[in-house]
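Novice: Task: produce atomic coordinates for the following.
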Amino acid sequence: MIETERLILRPWQESEAEILYKYASDPDIGPIAGWPPHTSPENSLEIIRTVFSAPETYAVVLKATGEPVGCCGIMFADSLHTADMKGGEAEIGYWIGKPYWGQGLIPEAVKALLARSFGELGLDTVWCGHYDGNAKSKRVCEKSGFKYHHTNKDVESPLGDKRTEHIYRMTKEDYHA
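Specialist: Residues are numbered from 1 along each chain as shown. Got it, this is the predicted structure:
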């Protein structure tokens, strides 16, 4: 569990499938990040049991309400990720429900994941990326201190379409500067 000023980052619980479905079924959330909207609470439960059970994957929980409203995580070279990574590197991914857009919650969560990445996990480099047109994710990268690194064109997304992907990174030196 990781705690910030307004958030608790903790593992997803199977009992939260309905809440996850409420946010992850929104067609404005998943597709822009490359994944399909959830189709039912049962689909959300399956995602909790499979994708969200990966190490370092967290529900983004509002302290004020105790409700999970998004997800974030640290993905290593041996898991699903988009950056071309080596040992000692990871990628941070995130999303949040539309009612919580623009409140600085995901940058707050990413800041906590960066502290964990460079502190407890001892990583050398952390990557972050977004697809072309995802201005909100681009803003999170910038607000979190990532530096633009490169662009990949014609990348196949998990939805099977071709996209342009912008990749950012932060080194341990950048983080401590």
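Novice: Can you get me a residue count around the nearest residue to Cys141 once chain neighbours are set aside?
Specialist: Of all residues not flanking Cys141 in the chain, Tyr168 sits nearest, at 4.5 Å (C-beta to C-beta, 6 or more residues apart in numbering). From N, CA and C alone the C-beta is placed, and that goes for glycine too. By the criterion of other C-beta atoms under 10 Å, Tyr168 has 24 neighbours.
Novice: Could you pull out the buried residues of the strand or helix carrying Tyr168?
Specialist: Applying DSSP states H and E as the criterion places Tyr168 in strand 162-171. For strand 162-171, a neighbour-count test (16 or more other C-beta atoms under 10 Å) marks Arg163, Glu165, His166, Ile167, Tyr168, Arg169, Met170 as buried.
Novice: Closest one of the residues you listed to Leu9?
Specialist: Checking the buried residues of strand 162-171 against Leu9 with C-beta to C-beta, the nearest one is Met170 at 18.3 Å.
Novice: Show me the beta-bridge partners of that closest one.
Specialist: Val126 (DSSP bridges).
Novice: pretty sure it contacts Ala115?
Specialist: No: Met170 is not in contact with Ala115 according to C-beta atoms under 8 Å; the separation is 11.7 Å.
Novice: Tell me the secondary structure at the residue lying closest to Trp101 once chain neighbours are set aside.
Specialist: Of all residues not flanking Trp101 in the chain, Lys136 sits nearest, at 6.4 Å (C-beta to C-beta, 6+ apart). Lys136 falls in the helix class when you classify it by DSSP: H, G, I helix; E, B strand; the rest coil.
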